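> sequence and computational prediction follow.
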Amino acid sequence: MPDIRRQPRLVPLAAVHALLVAWSCAAAAAPMTPTPHYVGSASCIACHEDAAEAWKGSGHALAWTGPDEQTVLGDFDDATFDRQGVVTRFTRRGDAFVVETEDDRGQRRGFDVVGVAGIHPLQQYLLSPEPGRTQAFDLAWDTVRREWFDLYPGQSLPPGDGMHWTGPYKSWEARCAECHATGFSRNYDATSRTYAPSVAEIGVGCEACHGPGEAHNAWAAAPSTHDTEAWPGLTPHGFTLDLAASAEAQIQQCAGCHSLRETFFDGNPLPGTPYLDAYAPALLRQGQYHADGQIDAEVYVYGSFLQSRMYAEGVRCSDCHEPHGTKLRAEGNDVCTQCHSPAGNDRFPTLRKAAYDDPSHHFHEPGSKGAECSACHMPEKIYMGVDGRRDHGFRIPRPDLYAINGAPDTCTSCHEGREPAWAAAEIAKRFPESTHRGPHFSTTFAAARRDPAAQSEALIALAGSTDLAGIVRATALELLEPVTDPTIPDRTAPLLADPDPLVRGAAAGLQRGLAPEARLDRLAPLLADPSRAVRIAAAKAMLGADASHGSDAMRASLAGATDEWHRSLASRRDFPETNLQIAGTALVGRNFPLAEAAFREAVELDPQLVDGWIMIARIRDAFGDTAGARGVLDDALASNPGQPDLAALRASLGP
C-alpha cells in the first residue's frame, strides 16, 4: 500500500458518498448518435411468419415473461420447501403468485412474483423486496422433474449475506436482465441504490439480434422509395447490422450474451456494436476454465468456442443452431455430419472427408451414448443444479495429459472405474498414427498457475505462437503479470502490435513495469486502438504514470482512453467488485477520499468483503483516526463474526 500519511486530511465522512456519486456523474456516457427506435417483435410477424412461429415458445422468447397461468410452471398450490430450516411457501393470492419466505432482515413476508425467467430445464421467479429492485429467487422449479429445488444446496446464505436472495449478486437488473431482454438499460441510481429500468421488450425478441426495427419497417413499407440517407450507417434493409455478412458478425452478436465478460456500458449495446467495443471477455483463468481450456465455472460458450478449430475455419453459430427456435439444426450426430462425413462440405474445402459417425472412428455401439460426437468432443457440465452446458472447444480427448494438467478426462467420465492412463492407452492403440498427442499449452498453464515465474520462458513462447487461438495466447500473457522479471516488458513488446486484439490488450498489461516515459512510448498506439477493450487495457497499464512530458496527441489519446475506462466502471457502480476496482484505482492515484468512498460502497453492498473493511480501517488509522478505524472494524465484525483477519486487526488497534 502506498505511504498515505503525508496526504491531506480526508474529507468528513458525511461527504464521502457524494464524492463517489460525483465521480460517476463526471464519467457519464456521452449521448449516442440518434438511432432507429425499437418497434417490438409483434411488428415483425406479418412478414416473417416462419421465423416468428419458430421463435414463439423458444428459449429466447421465454427468457423473461410476466407471470400468468400460461407462463408460471411451478407448483404454487401451497407447496413448501425447507432450506436449512427456512420454510418457503409457494401459494396464490387471487391472480398473484406468492412466495412466502424470509426477507433481508430475517422476517417472514409474502412476495408477489413479478417476473418469470426461463422455460427449460428450470424456471426462476423474480421478486421485488422493495420498490426499485428486482431479485432472482434462489429456489427454482425443475421443469423436467416437476419439483422445487435449491440452486445453492448446502450453502449457508443468511439474511445480510451478499449471496442471500435479496443481496447484490442475485440482482435481476444487475446480473441477468440484459441477456433476457431487448433494448434493456438498468438505470441505476447510486444514491438510492435502486433501479429505474427501461426495456423495449422483455424476452429476447427479434430486435435483440437484428437491431431496432423502425428503419427496416420504413424500408418494408416502400422499398423502391426508401431513403437510405435518412438512416446513415444502416444496412440497405434498415438494420444496424447484417447477420449474414460474415461468420464473425454473427458470432460477435451472439457472444454478447453467450459469454462470461466484463461490460463497458449499462445494458444492451446497440446490435452490431463490435464485441470488444462493448465487452472484455474472461480469459482462461483458474476457477473459470481448466488448464486445457475446458469450461469449469459457468462461462457460457464464447470462450471455449474461440479456442476451437471450427471457429478458426469460419463455422458460425447458425451452422449448428437454428437461431429463432434455438434448437439444433438436426438430431444427434446428424448436426455434425453436415460437414464431418465422406461428402464433406464445400464451404470448408480443407476438411478431411471421412466416415466419422462410424464404429471405425468412435469405437462404440452405434446409437449408444459413447457413439455421440458430443460425448467425446463436447463434454457436458451441469450448472444451476439441472442445466447441462457443453464445452464448445470441440477438443480431441487427451487423457494422456491428465496426470500433468489435471483437466477432466471425457473418456473416464463415462467409463467409471477406469483411469485416464487406461483411456490414453486405448486411444493410442486405436489411433496409432494420430498427430494429436504432441505438446499442449495446458501443461504450461497448469504449472504456471502454481509458479508463473518458473514458466515464464514457456509462457512467452506460447504467447508468440500464432498456431494457437488468441484467447490462449492472451491467457499466457496474463499469467505472466505476477512475474517480476524486468526483461518481460521488452520481450513481449512485439505483441503490442499483434493482429489479435485479445493479445494486444493482454500485452499492454505487461508494460506496467517500465518507467513512465518508456511506457508512454510503447502504449501510445494502443491508446488509439480500434478496439475499446484494448484502449481500456492500455489506460489501465498507464495508471500512475506522469504523462506531462508526452506529446499533445498522446495526452489526448490517454485522456480519451482513461475516460472510456472510467465510464465503464461508472456503469457498474451497482457491482460490489467494481467498487473495489474504483478504490484500487483511486489508491494508485492517491485520491484517498475516493478510495475510502468506493471501499465503503463495496461493503455496503456486500458486507462479506473483508478486504474492503480492512482497507477502510487502514485508511482511517493512517490519517490518525484510530477511533474511527476501531468503529469500522466493529461494524465489520458484526457482519462477519469471528473473522480472523478482522479480529486480528481490531485487536492491534487496542480497546
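Ah, there it is. Numbering: from 1, shown residues only.
> buried sites along the helix or strand where V87 lies?
When secondary structure is defined using DSSP states H and E, the element that contains V87 is strand 86-93. The neighbour-count check on strand 86-93 (16 or more other Cβ atoms under 10 Å) flags T88, F90, T91 as buried. No exception for glycine: its C-beta is placed from N, CA and C like everyone else's.
> after it, which helix or strand is next?
Where DSSP H and E defines the elements, the next helix or strand beyond strand 86-93 is strand 96-102.
> helices or strands up against that next one?
Here strand 96-102 touches strand 86-93, strand 108-117, strand 122-130, going by 3 or more Cβ pairs under 8 Å, 6 or more residues apart in numbering; DSSP states H and E.
> need the winner for burial among these.
Among the helices and strands packed on strand 96-102, judged by mean count of other Cβ atoms under 10 Å, the one packed with the most neighbours on average is strand 122-130 (a mean of 19).
> quick check: next helix or strand after that strand?
For strand 122-130, the following helix or strand on the C-terminal side (DSSP H and E) is strand 133-136.
> can you list contacts of the next helix or strand after that next one?
Following strand 133-136 in sequence order, the next helix or strand is strand 139-142 (DSSP H and E). For strand 139-142, the external contacting residues (Cβ atoms under 8 Å, 6 or more residues apart in numbering) are 73-75, 81, 83, 88, 99, 101, 121-125, 147-151, 384-386.
> again with stretch 491-505
Outside stretch 491-505, the residues within contact range by Cβ under 8 Å, 6+ apart are 276, 280-281, 283, 460, 463-464, 470-471, 473-474, 477, 480, 506-508, 510-511, 522-523, 525-526, 529-531, 533-534, 536-538.
> what's the ChimeraX syntax to select whichever of the residues you listed are buried?
Of these, the buried ones go into a single ChimeraX selection, burial set by 16+ other Cβ under 10 Å:
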select :276,280,281,283,460,463,464,470,471,473,474,477,480,506,507,508,510,511,522,523,526,529,531,533,534,536,537,538
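> looking at the contacts of stretch 491-505, which are in strands?
Secondary structure defined by DSSP state E assigns A280, P281 of these to strands.
> please narrow the contacts of stretch 491-505 to those residing in helices.
In this view, these that belong to helices under DSSP state H are 276, 460, 463, 470-471, 473-474, 477, 506-508, 522-523, 533-534, 536-538.
> ok, of the buried residues of strand 86-93, which one's closest to P644?
When the buried residues of strand 86-93 are compared for distance to P644 (Cβ to Cβ), T88 wins out at 33.1 Å.
> got a pLDDT number for the closest one?
With respect to pLDDT, T88 scores 98.
> that one touches T80, doesn't it?
Yes - the pair T88 and T80 passes the contact test of Cβ atoms under 8 Å, sitting 6.7 Å apart.
> what ranges of the chain fall below the confidence cut-off?
For the chain, the stretches with pLDDT under 70 are 1-34.
> so who does the residue nearest the centre of it touch?
Geometric centre of the chain, nearest residue: L260, 2.3 Å, by Cα atoms, centre = their mean. Going by Cβ under 8 Å, 6+ apart, L260 touches P281, A282, Q288, A297, E298, V299, Y300, Y302, G303.
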